[in-house]
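**Student:** return atomic coordinates for the entry below.
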Amino acid sequence: MSGISRRLFLQAMAAGTGALSGCENLFRKGSTAHVVVVGGGFGGATAAKTLRSLDAGLDITLVEPKAAYITCPGSNWLFAGLKTLPQLTVDYQALKGRHRIGVVADSVASIDRDRRQLRLSGGQALPYDRLILSPGIAFQWDAIAGHTPAMANVFPHAWQAGPQTALLARQLQAMPAGGVVLIVAPPD
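**Tutor:** Here you go, the predicted model:
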């Protein structure tokens, strides 16, 4: 994501608040609106579960290409040897079973706002009454000269938990006593 100014962010939030004003119809008793949530991380999964708790009649579908979510904020536990990667991994079965949220294992190829429909990468058309987009982070590999996806296998970013987290944990555990770790957070 390119840099966004505070002003643009606040304008987007204000526009989003206006868009949310149309959501009161979702919470009428007996509502059968179909809400599609794109992205199964903290934001998307929480949005889907919260909607379910607010209205049991909603038809809610989560679109997420991964079969499980690995919590990145919990990765410090992995680095400290307190948890394993499988212990940081959560599949989407609880959303399906306990919260009655449909889960589609795919990614979005396009959004047709006029028809209120997603086209999934697998070719399926998925209609919606309301849409929540929470796709997570993406990388701009050219933002750091010389840092490429291949270089991430040597110098891990570990912003997306999983193989990157495991690699960083192995590197930290192999570090000699008195070794130095440099951690730099990007400006945005």
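**Student:** where does A143 fall, phi/psi-wise?
**Tutor:** With angles defined as degrees, to the nearest 10, A143 sits at phi -70, psi -30.
**Student:** next structured bit after the worst-scoring helix or strand of the chain on mean pLDDT?
**Tutor:** In the chain, the helix or strand scored least confidently by mean pLDDT, DSSP states H and E is helix 6-20, which has a mean of 54. Going down the chain from helix 6-20, the next helix or strand is strand 34-38, by DSSP states H and E.
**Student:** okay, now the sheet partners of that following strand, with direction.
**Tutor:** strand 59-63 (parallel), strand 130-133 (parallel) (DSSP bridges).
**Student:** right, so those strands: which one is the most enclosed?
**Tutor:** Counting by mean count of other C-beta atoms under 10 Å, strand 59-63 has the highest mean neighbour count of those, with a mean of 22. Any C-beta I mention is one placed from the backbone N, CA and C, and that applies to glycine too.
**Student:** can you list contacts of the next helix or strand after it?
**Tutor:** Counting by DSSP H and E, the next helix or strand C-terminal to strand 59-63 is strand 68-70. Defining contact as C-beta atoms under 8 Å, 6 or more residues apart in numbering, one finds that strand 68-70 is touched by 40-41, 45, 85, 88-92, 161-162, 165.
**Student:** show me how far the next helix or strand after strand 68-70 is from its chain's centre.
**Tutor:** As assigned by DSSP H and E, the chain's next helix or strand after strand 68-70 is helix 75-79. Distance, stretch centre to chain centre, for helix 75-79: 19 Å (C-alpha atoms, centre = their mean, to the nearest Å).
**Student:** residues in contact with helix 75-79?
**Tutor:** Contacts of helix 75-79 (C-beta under 8 Å, 6+ apart): 83-85, 87-88, 158, 161, 165-166, 168-169, 172.
**Student:** returning to that earlier point: so which of the contacts of strand 68-70 are in strands?
**Tutor:** 89-91 (DSSP state E).
**Student:** turn those residues into a markdown table, including distance to L58 and neighbour count.
**Tutor:** What follows is those, written out as a markdown table (distance: C-beta to C-beta, whole Å; neighbours: other C-beta atoms under 10 Å):
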| residue | distance to L58 | neighbour count |
| --- | --- | --- |
| T89 | 27 | 15 |
| V90 | 22 | 15 |
| D91 | 22 | 13 |
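**Student:** buried ones among the contacts of strand 68-70?
**Tutor:** The neighbour-count criterion (16 or more other C-beta atoms under 10 Å) marks 40-41, 45, 85, 88, 92, 161-162, 165 among these as buried.
**Student:** mind putting those residues into TSV with distance to S75?
**Tutor:** Below are those laid out as TSV (distance: C-beta to C-beta, whole Å):
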residue	distance to S75
G40	18
G41	14
A45	18
L85	9
L88	7
Y92	20
A161	5
G162	10
T165	5
